[in-house]
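Novice: Output the structure for:
(one chain, ligands or ions: 1)
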Amino acid sequence: MIAGNNNHNETALDVALQQMNEAADLIHLDQSTRNLLSKPKRVLSVAVPVQMDDGSVQVFDGYRVQHNLARGPAKGGIRFHPEVTMDEVVALAMWMTWKCAVVDIPYGGAKGGIVVDPKKLSIGEIERMTRRFTSEISMIIGPEKDIPAPDVNTNPQVMAWIMDTYSMEMGYSIPAVVTGKPIEVGGSVGRADATSRGCVFTIIDLAGRIGLDLEGATVAVQGYGNVGSNAAFMLEDLGCKVVAVSDVEGGIYNENGLNTRAVADTVRESGSVVNYPDAEHISNDELLVLPVDILVPAALENQITGRNAKNVRAKVIAEGANGPLTPEADAILRDKGCIVIPDILANAGGVTVSYFEWVQGIQALSWTAEQVQRELKRRMTTAFEAVYSYAQEEKLDMRTAAYVIALKRVAQAIKLRGVYP
Ligand code: GLU
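Specialist: Numbering: from 1, shown residues only. Just a heads-up that it's a prediction; the model follows:
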């Protein structure tokens, strides 16, 4: 229990290790497995020289981390962000291990990142950076080894460049090396909004269990990228009132509900939600403490911490982002009766449809939209039910329950495979 700990400067890795250790204590995980899972299996740090448009050469730092491969090939996205650090990528890779285990898809966890603000680069510079990074990590990625995907500030176009670069180096097309590709080059229908759809499935399942009527339920969404915006559309379509959304520039609020697709039009035209006319301006901090039924943090890590958790008034938090809440915030929210659907469950829809895309790529066939939706729903609901009922039975919060389920699966795979040599 860490309530009362006033360390608000925890890194994502501190948070990830603390979450794992809390669950490991509960299941009396043996020390050697715990030691193994506390470290990434493999970390590759690369320098990425890029010819800029002005003729100069800039060198960016990049990382690809594979946390644990006991359950299958490594899987996880690549982010472009100025605050990426190696430790952050390790934490994100660790979360992918648990996420894949919670939804029971046959992967281990990985993540990649480049320390860069892509808003300051031209499209050509982003393409050259992506291609050189792919080349630098090509010795550890591959359809049987490690399969990247989109994450913060990367998109289907970036995935197409990764697929093309890897394929050119190997001499033939290898679409299954990466997921989240455009449909025209082997992507899957339903991948683009899969993270949000999975998140909304968990919200629907939880609402059913706790008797929350989604018709008219109020929602705030932090982050209006792929995950936040699609979640907002889907929740509005379900009859929820999305009263506030935000992005890096700030937030907007309208107590009567925002037109979420019109907000997305504003973002396309002007670059930010803050230019939407029909709303009041609020800060990101204010958005997080609004008195709403459902809060969806869909931006970055460490947004709700010991500093602001006591002011949070949402009844339910569904973590669209990875790591938005610290353990200290979890403890405060648990005492307040706020129910948190943890990231490793709530945002697992993305990697689940990535798995479908990879399966389709390997088999060279394509599923229909109905097949993708049905399988996603089945896997998300199975995972939700397992986590929710375990939490009820053992009187745990859903994060701890999800961690216990994931840790047990990963530990069992490690035990069955044994120690080599
Ligand atoms: N970046 C996403 C995540 O954090 C998706 C990963 C994937 O599809 O491999 O879950």
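Novice: going forward, measure contacts and count neighbours with C-alpha atoms only.
Specialist: Fine.
Novice: Quick one: list the elements packing against the one helix or strand Glu328 maps to.
Specialist: Assigning secondary structure by DSSP states H and E places Glu328 in helix 327-336. Here helix 327-336 touches helix 12-26, going by 3 or more C-alpha pairs under 8 Å, 6 or more residues apart in numbering; DSSP states H and E.
Novice: quick one: the helix it packs on to helix 327-336, angle?
Specialist: 60 degrees (axes from the mean of the first three to the mean of the last three C-alpha atoms, to 10 degrees).
Novice: Give the buried residues for helix 12-26.
Specialist: For helix 12-26, burial by neighbour count (16 or more other C-alpha atoms under 10 Å) applies to Ala12, Leu13, Val15, Ala16, Leu17, Gln18, Gln19, Met20, Asn21, Glu22, Ala23, Ala24.
Novice: do stretch 128-146 as well
Specialist: Per 16+ other C-alpha under 10 Å, stretch 128-146 contains these buried residues: 128-138, 140-143, 145-146.
Novice: can you check stretch 160-171 too?
Specialist: Ala160, Trp161, Ile162, Met163, Asp164, Thr165, Tyr166, Ser167.
Novice: show me which of those neighbour the ligand.
Specialist: Residues of the buried residues of stretch 160-171 in contact with the ligand (C-alpha under 6 Å from any ligand atom): none.
Novice: that older thread, a markdown table for the buried residues of helix 12-26, including distance to Lys241?
Specialist: Output for those, formatted as a markdown table (distance: C-alpha to C-alpha, whole Å):
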| residue | distance to Lys241 |
| --- | --- |
| Ala12 | 32 |
| Leu13 | 35 |
| Val15 | 32 |
| Ala16 | 33 |
| Leu17 | 36 |
| Gln18 | 35 |
| Gln19 | 32 |
| Met20 | 35 |
| Asn21 | 38 |
| Glu22 | 36 |
| Ala23 | 35 |
| Ala24 | 39 |
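Novice: Which residues of the stretch 101-250 of the chain lie near the ligand?
Specialist: Pro148, Ala149, Pro150, Asp151.
Novice: Correction: the previous question concerned the stretch 251-400 of the chain.
Specialist: Ala348, Gly350, Val351, Ser354.
Novice: The closest residue to the ligand within the stretch 101-250 of the chain: neighbouring residues, count only.
Specialist: Of all residues in the stretch 101-250 of the chain, Asp151 sits closest to the ligand, at 4.0 Å by C-alpha to the nearest ligand atom. Neighbour count for Asp151, taken as other C-alpha atoms under 10 Å: 20.
Novice: and stretch 398-417, which residues are buried?
Specialist: Buried, per 16+ other C-alpha under 10 Å, within stretch 398-417: 398-411, 414.
Novice: do the same with stretch 101-115
Specialist: 101-105, 107-115.
Novice: same question, stretch 359-369
Specialist: The neighbour-count check on stretch 359-369 (16+ other C-alpha under 10 Å) flags Val359, Gln360, Gly361, Ser366 as buried.
Novice: Give the closest residue to the first one in space, chain neighbours not counted.
Specialist: If you skip the residues right next to it in sequence, Val359 has Ala176 as its closest partner in space, 8.0 Å away by C-alpha to C-alpha, 6 or more residues apart in numbering.
Novice: Name the residues of stretch 335-346 that come out as buried.
Specialist: Cys338, Ile339, Val340, Ile341, Pro342, Asp343, Ile344, Leu345, Ala346.
Novice: again but with stretch 327-335, I slipped
Specialist: Neighbour-count burial for stretch 327-335 [16+ other C-alpha under 10 Å]: Pro327, Glu328, Ala329, Asp330, Ala331, Ile332, Leu333.
Novice: And the furthest pair within those?
Specialist: Farthest apart among those by C-alpha to C-alpha are Pro327 and Leu333. That separation is 9.8 Å.
Novice: ok so, going back, next step: the buried residues of stretch 359-369 restricted to helices.
Specialist: With DSSP state H as the criterion, helices contain Val359, Gln360, Gly361 from among the buried residues of stretch 359-369.
Novice: Same list (those residues) but as CSV, adding pLDDT.
Specialist: Below are those laid out as CSV (pLDDT from 0 to 100):
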residue, pLDDT
Val359, 98
Gln360, 98
Gly361, 98
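Novice: for these, which one is nearest the ligand?
Specialist: Nearest to the ligand among those, with distances taken as C-alpha to the nearest ligand atom, is Val359, at 12.7 Å.
Novice: Which parts of the stretch 51-200 of the chain are strands?
Specialist: Along the stretch 51-200 of the chain, the stretches classed as strands by DSSP state E, counting those that start in this stretch are 57-68, 74-75, 78-81, 108-115, 146-147.
Novice: Mean confidence (pLDDT) on the first one, please.
Specialist: The reference is to strand 57-68. Taken as a whole, strand 57-68 has a mean pLDDT of 99.
Novice: residue contacts, the residue lying closest to Ile414 once chain neighbours are set aside?
Specialist: Nearest residue to Ile414, sequence neighbours excluded (C-alpha to C-alpha, 6+ apart): Ala70, at 5.6 Å. Ala70 makes contacts with Gly108, Val410, Ala413, Ile414, Arg417, as judged by C-alpha atoms under 8 Å, 6 or more residues apart in numbering.
Novice: Go again with 7 Å.
Specialist: By C-alpha atoms under 7 Å, 6 or more residues apart in numbering, Ala70 lies in contact with Gly108, Val410, Ala413, Ile414.
Novice: Please narrow the residues you listed to those residing in strands.
Specialist: Within the contacts of Ala70, residues falling in strands by DSSP state E are Gly108.
Novice: What about the contacts of Ala70, which are in helices?
Specialist: Those of the contacts of Ala70 lying in helices (DSSP H): Val410, Ala413, Ile414.
Novice: In CSV, list these along with pLDDT and distance to the ligand.
Specialist: Shown next, in CSV, are the ones in helices among the contacts of Ala70 (pLDDT from 0 to 100; distance: C-alpha to the nearest ligand atom, whole Å):
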residue, pLDDT, distance to the ligand
Val410, 98, 17
Ala413, 98, 20
Ile414, 98, 21
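Novice: Pro82 against Pro118, yeah?
Specialist: No. Contact criterion C-alpha atoms under 7 Å: Pro82 and Pro118 do not qualify, at 8.2 Å.
Novice: So for these two, which residue has more residues nearby?
Specialist: Pro118 (17 against 12).
Novice: Which of the buried residues of stretch 335-346 fall in strands?
Specialist: Ile339, Val340, Ile341.
Novice: ok now stretch 274-282, how far from the chain's centre?
Specialist: 27 Å (C-alpha atoms, centre = their mean, to the nearest Å).
Novice: How about residues contacting it?
Specialist: Glu249, Gly250, Gly251, Ile252, Tyr253, Asn254, Val263, Thr266.
Novice: Brilliant, that's me finished.
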